[in-house]
Structures are given as C-alpha cells and as structure tokens.
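# Here's a sequence, model it:
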Amino acid sequence: MIEDKNPQRTALENLGEFGLIKHLTQHFELNHESSLKGIGDDAAVLDFKNKKAIVSTDMLVEGVHFDLSYMPLKHLGYKSVIVNLSDIYAMNATATQVTVSIAVSNRFPLEALEEFYEGVAMACKMYNVDLVGGDTTSSAKGMIISITAIGVAEEADIVYRCDAKPNDLLVVTGDLGGAYLGLQVLDREKEVFKVNPNNQPDLEPYSYIVERQLKPEARKDIVELLEKLEVKPTSMIDISDGLSSEILHLCNQSEVGCNLFEDKIPLDPTVISASEEFKMDSTMIALSGGEDYELLFTIDQKDFDKIKGNPNLTVIGHIAPEEEGVHLITRANTKIALTAQGWNSFTS
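Model prediction:
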C-alpha cells in the first residue's frame with residue numbers, strides 16, 4: 001500500500017468543542033437499559049434499579065503512560081477503555097458505561113481524533129459498554145486522556161480487596177510479564193529507528209508480547225467463568241502495577257500475610273525467551289512489570305476442585321496469618337520478603 005504523504009488534516013478549531021463532540025460520537029448507540037440518557041445533555045442519566053453502581057476513573061498522559069511514536073491512536077483509544085474496564089471486573093462486576101475526556105494540542109487534527117475514537121468504539125462494542133459522556137479541551141502540550149468506567153453488580157456479588165483470610169488460595173489469570181517486555185521491544189526499535197529511519201523493524205517474533213502492550217484485553221471472561229463455576233473470590237484486584245505490588249495491596253487491605261511460589265508464576269514461552277534476550281530475570285519482570293491487566297484473587301480452599309485444571313487460572317500461592325509476612329518462595333526453596341517494585345509514574 002502506498003502511503004499518503006499528504007493526509008487530510010482538518011483543524012479542530014473548524015468544529016468548535018460541541019461540534020467536535022457531536023462529530024466524534026455520532027455513531028455511538030446506547031445498548032443498555034440502564035443508559036437512559038447519554039451524550040447530548042448536561043449529564044448522562046443512568047438507572048440501575050436495585051443494583052449497586054461501581055465507578056472507576058483513570059488518567060493517561062502522553063510521555064508518561066504512552067508514546068505515540070509507536071502507539072497507534074486506534075490502539076490507544078482501545079487500550080484507554082480497557083484499562084478502566086479491568087478495574088470494574090476486579091470488583092466482580094459487569095461494566096456498562098464509560099465516559100471519555102481528552103485534551104489535545106493543536107498538532108492533532110480531526111482525523112487523528114477520529115482514529116482514537118475508532119478504538120474507543122471497538123472497545124465499547126467488544127465489551128458491550130455504552131459511551132455516555134465526556135469532554136474535549138485543548139492542551140498546551142501533547143495528549144491527556146481521562147476515562148471513567150461504570151459498572152453494576154448485586155451487592156452480594158461484589159468482591160473487595162479486604163476479605164482474604166489465612167489458608168485461602170492465591171490465584172492469577174492468564175500469564176504475566178508480556179506487556180512490560182513488549183514495551184522493551186518497542187523502545188529498542190524506536191532507538192534503532194532514530195539512528196536509521198530506513199530500518200523497518202521485524203516484530204513478528206515478538207507479536208504476542210507487543211500486542212500485550214499495545215492492545216491488552218480486560219478479563220470480562222473471568223467474571224463470567226467464576227459465576228459459571230459458582231466460585232466467589234474472597235478478595236480480588238487487577239494487575240496493573242506488577243504482581244508484587246498487587247499482592248501487597250491485597251494483603252495490606254486484608255491484614256494477612258502470603259506465600260507466593262516462584263515456580264508457579266505463569267509465564268508465556270515468548271516472555272521467557274525475550275527475558276533472556278534482554279538479560280532480564282523473568283520472575284522479576286512478572287513481579288514488577290505491570291500493565292498485564294490480569295486478575296489476582298483469593299478463593300476458599302473448598303473451591304479448589306471447581307477451578308482445578310482450568311487453563312485460564314493458576315494457583316500461585318496461599319494466604320498466611322499477618323504476622324508471617326509476605327514472601328516469595330524461590331525455586332531453590334529460599335524465602336524472600338516480597339517488596340513493591342511496581343511501576344511508579346512519579347519517578348523520573
């Protein structure tokens with residue numbers, strides 16, 4: 001395909017704020033009964049009848065959370081929604097609505113925002129959520145995204161971080177470390193491109209981990225699976241900042257200790273080979289990498305037979321009394337105190 005060297009660029013000032021919102025959201029439809037009024041009034045109107053509403057909000061800043069030199073805007077729109085839906089699923093709830101607000105500098109034409117909203121629309125369709133509001137404004141520099149996700153659950157089904165108890169099993173979904181290594185691959189290829197712009201990267205061997213970074217998926221399927229298996233977790237959290245940080249959050253909130261077994265941490269073969277290539281320790285990447293958006297939860301031991309052998313779920317440890325502390329049991333059977341080394345946006 002021949003690249004268009006002069007793509008159409010429509011300045012945002014030609015539309016104005018309300019014209020821009022109307023243009024970008026014109027094809028979004030409301031599919032949930034709870035979405036009484038979406039975009040077009042002073043506020044959205046939602047009706048959840050007798051259920052509890054779950055609300056989560058997140059902000060993404062260019063240069064801190066994403067790099068547009070390798071993050072396509074369509075992927076960014078998709079990922080922005082997904083990372084917020086993950087928080088709703090971590091409460092064992094069903095995501096129903098989102099609001100999307102963006103601030104952009106004048107280097108972004110209308111066509112760029114259309115691409116971003118294509119990704120938002122795809123996420124809304126894939127996860128069956130309604131876009132019911134948001135805002136657009138100008139930014140002095142770059143792009144800022146703020147998304148609020150809204151979900152619904154019966155009060156009895158909601159799972160918090162604070163109810164894990166000693167002898168519960170610690171369970172994780174999927175595999176870990178891929179997103180962080182995908183970021184390492186993209187950063188490396190960016191540096192190569194700076195030196196030699198004619199060099200086209202071959203990302204095929206890294207397709208799984210690159211996709212884990214650019215287009216993650218939220219684990220809506222796990223909430224549905226647990227309901228089918230008749231398993232209600234005793235506590236749950238999503239893995240956005242690395243496994244060690246999330247285990248410590250869960251233990252602190254529940255006032256318990258934990259033993260995590262290194263040889264049980266699920267790693268994709270691509271993660272293991274890429275770790276070796278980058279001369280990194282795969283366990284450390286799983287513990288500290290972040291952005292995997294898997295779910296970490298605890299279950300009562302009596303529910304073990306219900307999840308045993310399920311390819312989506314791995315038991316990686318067990319909860320201990322608080323005075324025992326939080327430890328990693330290494331492959332060599334050494335006990336190491338677990339520390340939070342997850343990603344921190346406030347460090348330079």
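# Please, where are all the helices along the protein?
In the chain, the helices defined using DSSP state H lie at 16-25, 73-89, 110-127, 178-195, 207-214, 220-229, 243-254, 269-277, 282-288, 304-307.
# Give me the mean pLDDT for the last one.
I take that to be helix 304-307. Helix 304-307 shows a mean pLDDT of 97.
# any idea how far residue 15 is from residue 74?
Residue 15 sits 20 Å away from residue 74, going by Cβ to Cβ, to the nearest Å. Every C-beta, even on glycine, is put in place using the N, C-alpha and C of the backbone.
# Let me see the contact set for residue 116.
Contacts for residue 116 were tallied using Cβ atoms under 8 Å, 6 or more residues apart in numbering; they are 73, 74, 76, 77, 102.
# change it to 10 Å
24, 72-78, 80, 100, 102, 104, 108, 143, 145 (Cβ atoms under 10 Å, 6 or more residues apart in numbering).
# out of the residues you listed, which are buried?
24, 73-78, 80, 100, 102, 104, 108, 143, 145 (16 or more other Cβ atoms under 10 Å).
# Where do the domain boundaries of the chain fall?
The chain is divided into the following domains under automatic domain parsing: 12-157, 169-337.
# Please save the CA atoms from stretch 213-231 in PDB.
Extracted in PDB, the C-alpha atoms of stretch 213-231 (Å, rounded to 0.1, in the frame of the first residue of the first chain):
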ATOM      1  CA  GLN A 213       1.500  -3.800  25.400                       C
ATOM      2  CA  LEU A 214      -0.400  -2.100  22.600                       C
ATOM      3  CA  LYS A 215      -3.700  -3.900  22.700                       C
ATOM      4  CA  PRO A 216      -4.300  -5.600  26.100                       C
ATOM      5  CA  GLU A 217      -7.700  -7.200  27.000                       C
ATOM      6  CA  ALA A 218      -9.600  -6.900  30.200                       C
ATOM      7  CA  ARG A 219     -10.700 -10.200  31.800                       C
ATOM      8  CA  LYS A 220     -14.500  -9.900  31.500                       C
ATOM      9  CA  ASP A 221     -14.500 -13.600  30.700                       C
ATOM     10  CA  ILE A 222     -13.100 -14.500  34.100                       C
ATOM     11  CA  VAL A 223     -16.000 -12.800  35.900                       C
ATOM     12  CA  GLU A 224     -18.400 -14.900  33.700                       C
ATOM     13  CA  LEU A 225     -16.300 -18.000  34.200                       C
ATOM     14  CA  LEU A 226     -16.300 -17.700  38.100                       C
ATOM     15  CA  GLU A 227     -20.000 -17.200  38.100                       C
ATOM     16  CA  LYS A 228     -20.500 -20.400  36.000                       C
ATOM     17  CA  LEU A 229     -18.100 -22.300  38.300                       C
ATOM     18  CA  GLU A 230     -20.100 -21.000  41.300                       C
ATOM     19  CA  VAL A 231     -16.900 -19.600  42.800                       C
END
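# Centre of the chain to that stretch, how far?
12 Å (Cα atoms, centre = their mean, to the nearest Å).
# Now stretch 207-226: average pLDDT?
97.
# Next: stretch 144-152.
Mean predicted lDDT for stretch 144-152 stands at 96.
# and it, how far from the chain's centre?
With Cα atoms, centre = their mean, you get 12 Å for stretch 144-152.
# Next: stretch 7-15.
Relative to its parent chain, stretch 7-15 has a centroid offset of 31 Å by Cα atoms, centre = their mean.
# for stretch 62-70, same thing?
16 Å.
# Could you do stretch 305-316 as well?
22 Å.
# which stretch in the domains of the chain has the least confidence?
Sorting those by mean pLDDT places domain 12-157 lowest, at a mean of 90.
# Let me have the domains of the chain in TSV, extended by distance to residue 163.
Below are those laid out as TSV (distance: least, Cβ to Cβ, whole Å):
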stretch	distance to residue 163
domain 12-157	11
domain 169-337	5
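# Just give me the closest of the contacts of residue 116 to residue 327.
Checking the contacts of residue 116 against residue 327 with Cβ to Cβ, the nearest one is residue 80 at 35.7 Å.
# Distance of that closest one relative to residue 129?
13 Å.
# quick one: the residue nearest to residue 71 when sequence neighbours are not counted and residue 208, what's the gap?
Excluding its sequence neighbours, the residue lying closest to residue 71 (Cβ to Cβ, 6 or more residues apart in numbering) is residue 214, at 6.3 Å. Look at residue 214 and residue 208: by Cβ to Cβ, they are 11 Å apart.
# So which of these two has more stuff around it?
residue 214 (20 against 16; other Cβ atoms under 10 Å).
# can you pull the contacts of the more buried one?
Contact analysis of residue 214 by Cβ under 10 Å, 6+ apart lists 66, 70-72, 74-76, 78-79, 179, 182-183, 186.
# rerun that using 8 Å as the cut-off
70, 71, 72, 75, 79, 182, 186.
# Quick check on those residues: which are buried?
Buried by 16+ other Cβ under 10 Å: 70, 71, 75, 79, 182, 186, out of those.
# Would you reformat those residues as JSON lines and include distance to residue 47?
Converted to JSON lines, the buried ones among the contacts of residue 214 look like this (distance: Cβ to Cβ, whole Å):
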{"residue": "70", "distance to residue 47": "42"}
{"residue": "71", "distance to residue 47": "36"}
{"residue": "75", "distance to residue 47": "33"}
{"residue": "79", "distance to residue 47": "29"}
{"residue": "182", "distance to residue 47": "40"}
{"residue": "186", "distance to residue 47": "43"}
